[in-house]
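Peer 1: here is the input, now give the coordinates:
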Amino acid sequence: QVQLVESGGGLVQAGDSLRLSCAASGRIFSGWAMAWFRQAPGKERDVVAAISFTGGRVYYADSVKGRFTISRDNAKRTVTLQMNSLKSEDTAVYYCAADSSGWGSFNDYDYWGQGTQVTVSS
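Peer 2: Now for the predicted structure:
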């Protein structure tokens, strides 16, 4: 069984920074792609950033390019999302997710954390 546990959410002001972390435990982590998704009230859940197992492939949604950075530490089985210059529109529940099939469609993510709330006040 795979467990993904997010931490680091909270309430910040516009322009502030926040760092989200995801700790994975359970089954093998090798080869898996990891990503952060978010879901704002009344909206669908969308991918924010994704990273391949080696870190050689990285994806960012246009809305966060230049502000967010995704990274991973495979030895520690952690994935981090550094969020800078936060905006009110970044307010959402952020989910850590894993794709056991490797780098592919964002519809293939099959393991999910419970989510952590990020609220940015303007």
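
Peer 1: pretty sure residue 89 sits in a helix.
Peer 2: Yes - membership of residue 89 in a helix is supported by DSSP: H, G, I helix; E, B strand; the rest coil.

Peer 1: what strand or helix carries the residue nearest to the spatial centre of the chain?
Peer 2: Taking Cα atoms, centre = their mean as the criterion, residue 36 is the residue nearest the geometric centre of the chain, at 2.0 Å. Residue 36 belongs to strand 33-39 when assigned by DSSP states H and E.

Peer 1: and the helix or strand following that strand, what does it pack onto?
Peer 2: Per DSSP H and E, strand 33-39 leads on to strand 46-51 as the next helix or strand towards the C-terminus. Helices and strands touching strand 46-51, by 3 or more Cβ pairs under 8 Å, 6 or more residues apart in numbering; DSSP states H and E, are strand 33-39, strand 58-60, strand 68-73, strand 78-83. Backbone N, C-alpha and C define where each C-beta goes, glycine included.

Peer 1: okay, these in CSV with mean pLDDT and distance to residue 47 next?
Peer 2: CSV is the format used below for the helices and strands packed on strand 46-51 (pLDDT from 0 to 100; distance: least, Cβ to Cβ, whole Å):
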stretch, mean pLDDT, distance to residue 47
strand 33-39, 97, 5
strand 58-60, 98, 7
strand 68-73, 97, 11
strand 78-83, 97, 12
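
Peer 1: nearest to residue 117, out of those?
Peer 2: Nearest to residue 117 among the helices and strands packed on strand 46-51 is strand 33-39; the distance by Cβ to Cβ comes to 10.2 Å.
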